[in-house]
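**Q** next comes the sequence, and after it the predicted model I'd like to discuss.
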Amino acid sequence: MGKTIDVKTPEGSADAYLTRPDDGRPHPGVLLLVDAFGLRPQIEQMADRIAAGGYVVLAPNVFYRHGRAPVISLDGLGDPERRGEVIGRVMPLMKELTTEKIVADGSAYLARLADEADGGAVAVTGYCMGGRLGWRIAAAYPDRVDGLGCFHTGGLVTDDEDSAHLSAGEIDAEIFLGFADNDKSATPEQIATVEGALNRAGATFRAEVFADAEHGYTMTDTPAYDEASAERHYDELFGLLSRTVAS
């Protein structure tokens, strides 16, 4: 039951993939936030798998300001000599997604998802960059997000006074963090900083480091894909959803 829809945002209209179980019944909502390579068939397949578990899933094109999905070509990603070329196309789009834009867009995504789902609070699952976006949205709207899953997410700790980890106390959702073992954007020191912030905030969370997994381990269309870690991610995600939003 997947289809492309448009979500009105403060700055325009974001195309998004919406999918649900084919049973005509109401289901809880899940907001799926993409990795840095954006909305594409891989993300739609992941959304469909989550939907098959009994959820209405919305996966927005967070780069909608640059056009409809797919915005980024993965051509050359598997070639070590061309990988820098692909990353070079991605970085400017990521930097443009400021906290203010993420929070404003997030409100629109949550509102549309609530309309499409059973109307209650939703869960958010985010991948790489998407985990950080989900953290920002959960912190901004604690009364609207009951569960937050962050998988191979980096950049939660920076030197900026706006570093994501500093807003740990603003999140009311149960959190699962599935870090990648080999991830320069989530070092052991940074992971410890995130855990410390969550502990001080009294958050309900669990953080795990997936052994021998690289940044991007859930994505079958990238060289980082690891089947065992990807399947573990689904187990952890469905457990989180069952505890937080499942009816």
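**A** Here it is on my side, so go on.
**Q** and the lowest-mean-pLDDT helix or strand in the chain, what does it pack onto?
**A** When the helices and strands of the chain are scored by mean pLDDT, DSSP states H and E, helix 83-96 comes last with a mean of 90. Where contact means 3 or more Cβ pairs under 8 Å, 6 or more residues apart in numbering; DSSP states H and E, helix 83-96 is not packed against any helix or strand. C-betas here are computed from N, CA, C, even on glycine.
**Q** what about the helix or strand following that helix, average pLDDT?
**A** As assigned by DSSP states H and E, the chain's next helix or strand after helix 83-96 is helix 99-116. On average, the pLDDT along helix 99-116 is 97.
**Q** got it, and stretch 140-155?
**A** 98.
**Q** what count of nearby residues applies to residue 193?
**A** Residue 193: 17 surrounding residues under other Cβ atoms under 10 Å.
**Q** what does the one 10 residues further on give?
**A** Neighbourhood size, residue 203 [other Cβ under 10 Å]: 17.
**Q** one more: residue 195?
**A** The burial count for residue 195: 17, using other Cβ under 10 Å.
**Q** and it, what's its pLDDT?
**A** At residue 195, pLDDT is 98.
**Q** surely residue 157 meets residue 194?
**A** Yes - the pair residue 157 / residue 194 is scored as a contact, 6.2 Å apart, by Cβ atoms under 8 Å.
**Q** who has more neighbours, those two?
**A** Relative neighbour count places residue 194 above the other of residue 157 and residue 194, with 24 against 20, counting by other Cβ under 10 Å.
**Q** before we move on, which element is that one in?
**A** Using DSSP H and E, residue 194 falls in helix 188-201.
**Q** that helix: which residues count as buried?
**A** Buried positions in helix 188-201, judged by neighbour count with 16 or more other Cβ atoms under 10 Å: 190-191, 193-195, 197-198, 201.
**Q** three-state assignment of the residue nearest the centre of the chain?
**A** Nearest residue to the geometric centre of the chain (Cα atoms, centre = their mean): residue 126, 1.3 Å. Here residue 126 is recorded as strand under DSSP: H, G, I helix; E, B strand; the rest coil.
**Q** okay, now residue 234: neighbour count?
**A** Neighbours of residue 234 using other Cβ under 10 Å come to 15.
**Q** surely residue 207 and residue 191 touch.
**A** Yes - with contacts counted by Cβ under 8 Å, residue 207 reaches residue 191, the gap being 6.5 Å.
**Q** find residues that contact each of these two.
**A** Counting by Cβ atoms under 8 Å, 6 or more residues apart in numbering, the residues touching both residue 207 and residue 191 are 177, 179.
**Q** ranges for the strands of this structure?
**A** 3-9, 12-19, 29-33, 56-60, 122-127, 145-151, 174-182, 205-214 (DSSP state E).
**Q** quick one: the residue sitting furthest away from the middle of the chain from residue 69, how far?
**A** In the chain, residue 81 marks the outermost C-alpha relative to the chain mean, sitting 28.3 Å out by Cα atoms, centre = their mean. For residue 81, the distance to residue 69 equals 27 Å [Cβ to Cβ, to the nearest Å].
**Q** mind listing what residue 143 touches?
**A** Residue 143 neighbours (Cβ under 8 Å, 6+ apart): 121, 172.
**Q** related to what we said a few turns ago, the strands of the chain: which one's closest to residue 89?
**A** strand 122-127 (18.1 Å; Cβ to Cβ).
**Q** let's have the buried residues of helix 188-201 in a markdown table, adding distance to residue 86.
**A** Formatted as a markdown table, these follow (distance: Cβ to Cβ, whole Å):
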| residue | distance to residue 86 |
| --- | --- |
| 190 | 24 |
| 191 | 26 |
| 193 | 29 |
| 194 | 27 |
| 195 | 32 |
| 197 | 32 |
| 198 | 33 |
| 201 | 36 |
